[in-house]
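**Student:** quick one: sequence and predicted model below, then my questions.
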Amino acid sequence: MNGTKALEYLGQEDIDKFDRDGYLCIRGFLTPDETNGLLQRAKQLLDEFDIESHPKTKFTTGDDNHVGDDYFLTSGDKIRFFLEEDALDGQGRLTREKQKAVNKIGHGLHELDPVFRNVTLKNQRLKALVRDLQFHKDPVALQSMVITKQQHIGGEVPEHNDSTFLYTDPPSALGFWFALEKCATENGALSFLPGSHKTTQITKRFVRVPGGGTGFEELTTTADVPSQVKGDYILETCEPGDLVIIHGSVLHKSERNTSPNTRFAYTFHMIDSPPYAIYDEKNWLQPTPELPFSKILD
Ligand SMILES: O=C(O)CCC(=O)C(=O)O
Ligand SMILES: [Fe+2]
């Protein structure tokens, strides 16, 4: 993927590994201060969040989801709080303190919050890495989240690839996922099907449904796709500060958190810009005139 340009941050073996597996773990990418700054800021946002004015939106990527409401659809340029499925009782009342009820915070942290903005848009190390990877010609950032994976109730994230949720033509999504806490088997570390980005096609996309809500639209695929991707999932345990770069077509997932420890992570995505990739109005997250997607490379 990389031409003759001298590498600034990655080694050639990192680039080869990313090409082969569809993801790459970079140990200790963030300094302990940066990691701690993001974690403390996320906790502060949870402390300050006003549960009384919250529409009590739940979030799940599973089949039976109700993400298609206004609170979700207009969150691209806001800092909003999405609750865990199991944090509400039958009457819609919280079953635990608000800080332990939130599944994720999203989706405009990288634009609106100075601490997250610094790590995402102002990070010279990240820019060097992006130049090394040469995955995009003109990358922009979108859809940032803190995923909390709360103790005992943190829901699973079922198998998926990110280009389904952030579709461009051609697919160009790339995820940047930062562990803010230790991620182990018991608290729902990420796992990946290595190489599945080469054998999987994006067969559907997550869209806004005219009239309200969201759904999946089937895509016409061209080449023959193997009906089953072979191989075993690899669990990638992480330490705070580790970064995992995730190809938009690689299959990944995380299990429910059954442990007493949270699993905070910060994640955002990059896509390419026109004319290299087209992001259209069907996508769930829409840029606004006040807040267009920010470029990563100046
Ligand atoms: O943090 C997780 O468990 C899932 C994250 C994910 O799927 C992503 O960042 O693309
Ligand atoms: Fe994902």
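**Tutor:** Cool, the structure landed. Ligands and ions are numbered 1, 2, ... in the order given.

**Student:** report pLDDT for the nearest residue to Arg256 once chain neighbours are set aside.
**Tutor:** Leaving aside its chain neighbours, Arg256 sits nearest to Glu156 (4.6 Å; criterion: CB to CB, 6 or more residues apart in numbering). For glycine as for every other residue, the C-beta is placed from the backbone atoms N, C-alpha and C. Looking at Glu156, its pLDDT is 93.

**Student:** thought Glu156 was touching Thr258?
**Tutor:** No: in this structure Glu156 lies outside contact range of Thr258 using CB atoms under 8 Å: 10.3 Å.

**Student:** give me the beta-bridge partners of the closest residue to ligand 1 within the chain?
**Tutor:** Nearest residue of the chain to ligand 1: Ser254, at 3.3 Å (CB to the nearest ligand atom). Here Ser254 sits in beta bridges with Val157, Leu190, going by DSSP bridges.

**Student:** for it, what are its contacts?
**Tutor:** Contact analysis of Ser254 by CB atoms under 8 Å, 6 or more residues apart in numbering lists 149, 156-157, 188-191.

**Student:** same check on Ala42?
**Tutor:** By CB under 8 Å, 6+ apart, Ala42 lies in contact with 105, 146, 148, 180, 264, 266.

**Student:** repeat for Pro171
**Tutor:** Listed by CB under 8 Å, 6+ apart, the contact set of Pro171 reads 163, 202, 248-249, 277.

**Student:** and with 10 Å instead?
**Tutor:** Contacts for Pro171 (CB atoms under 10 Å, 6 or more residues apart in numbering) come out as 161-164, 197, 201-202, 205, 219, 247-249, 271-272, 277.

**Student:** kindly report the same for Ala179.
**Tutor:** When contacts are counted by CB under 10 Å, 6+ apart, Ala179 touches 25, 27, 29-30, 35, 189-190, 236-244, 263-267.

**Student:** shared neighbours of Glu156 and Thr258, anything?
**Tutor:** Common contacts of Glu156 and Thr258, defined by CB under 10 Å, 6+ apart, comprise Gly188.

**Student:** what about Tyr266, which SS state?
**Tutor:** Of the three states, Tyr266 takes strand under DSSP: H, G, I helix; E, B strand; the rest coil.

**Student:** from Arg205, how far off is it?
**Tutor:** The gap separating Tyr266 from Arg205 is 25 Å, by CB to CB, to the nearest Å.

**Student:** who's more crowded, those two?
**Tutor:** Counted by other CB atoms under 10 Å, Tyr266 and Arg205 do not tie: Tyr266 has more neighbours, with 27 against 22.

**Student:** where do the strands sit along this structure?
**Tutor:** In the chain, the strands defined using DSSP state E lie at 23-26, 79-83, 102-107, 140-147, 157-160, 174-179, 190-192, 204-208, 214-218, 234-235, 243-247, 252-254, 265-271, 294-295.

**Student:** so which pair among the contacts of Ala42 is furthest apart in space?
**Tutor:** For these, the maximum inter-member distance is 11.9 Å, found between Ile105 and Leu180 (CB to CB).

**Student:** list the residues that contact both of the two?
**Tutor:** Joint contacts of Ile105 and Leu180 (CB under 10 Å, 6+ apart) are 42, 146-148, 264, 266.
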